[in-house]
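Undergrad: Show me the folded form of this:
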Amino acid sequence: MTTELRIGPEAVWLGRTARDRAEAVDLCGRLLLRLGAVHPAYLPAMHERERSVSTYIGEGVAIPHGTDAARTLVERTALAFVQFPQGVDWGAGNRAVIGIGIAAHGDEHTGVLAALARVLSDPAKAERLRGAEDAATVVELLAPVGAEPPP
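TA: Got it, this is the predicted structure:
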């Protein structure tokens, strides 16, 4: 049975800056580490994944995550939302303003990623997410479909 993963306010860092994609991936990894979701060795695996295939998915969003082999370094499934208002060059002409770090054993993260896809397909909601000024906005926009709002 899959449980719905919710992103909470403790997993949201707004208004961050990064010199480049590597530093942005580091920030996403450090937030996953701070959340207790991964072992420190997961962070290099996030860079390894990025070197093999870009995690940029469009609409100013990248989803850095570790390699398949790094799943053994995941303590618990979690997502980490990091906003870069000035944007970060993600290569190939892509500029990310949001990095969503993923640590997952199985498919628990798919509900939030489905919510992300839903938000990104709506230009007004996508703009709200990119320009979010508080964690509550991010949590609301990325709530799984049909989920009760947080208390």
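
Undergrad: unless I'm mixing things up, residue 70 is touching residue 45, no?
TA: Yes. If you go by Cβ atoms under 8 Å, residue 70 and residue 45 touch, sitting 3.4 Å apart. All C-beta atoms are positioned from the backbone trio N, CA, C, and that covers glycine.

Undergrad: List the buried residues for the lowest-mean-pLDDT helix or strand in the chain?
TA: Here the helix or strand of the chain ranked lowest by mean pLDDT, DSSP states H and E is helix 110-120, holding a mean of 79. Within helix 110-120, the residues that qualify as buried by neighbour count (16 or more other Cβ atoms under 10 Å) are 111-113, 115-116, 119-120.

Undergrad: could you point out which element follows it?
TA: Read in the C-terminal direction, the helix or strand following helix 110-120 is helix 123-130, with elements assigned using DSSP states H and E.

Undergrad: what angle sits between that next one and helix 110-120?
TA: Angle of helix 123-130 versus helix 110-120, following axes from the mean of the first three to the mean of the last three Cα atoms, to 10 degrees, is 120 degrees.

Undergrad: Could you check the longest helix seen in the chain and say which residues are buried?
TA: Counting by DSSP state H, the longest helix found in the chain is helix 21-34. By neighbour count with 16+ other Cβ under 10 Å, helix 21-34 contains the buried residues 21, 24-33.

Undergrad: Take the residues you listed and write them to CSV, including distance to residue 13.
TA: Written out in CSV, the entries for those read as follows (distance: Cβ to Cβ, whole Å):
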residue, distance to residue 13
21, 17
24, 11
25, 14
26, 12
27, 7
28, 9
29, 12
30, 9
31, 6
32, 11
33, 13
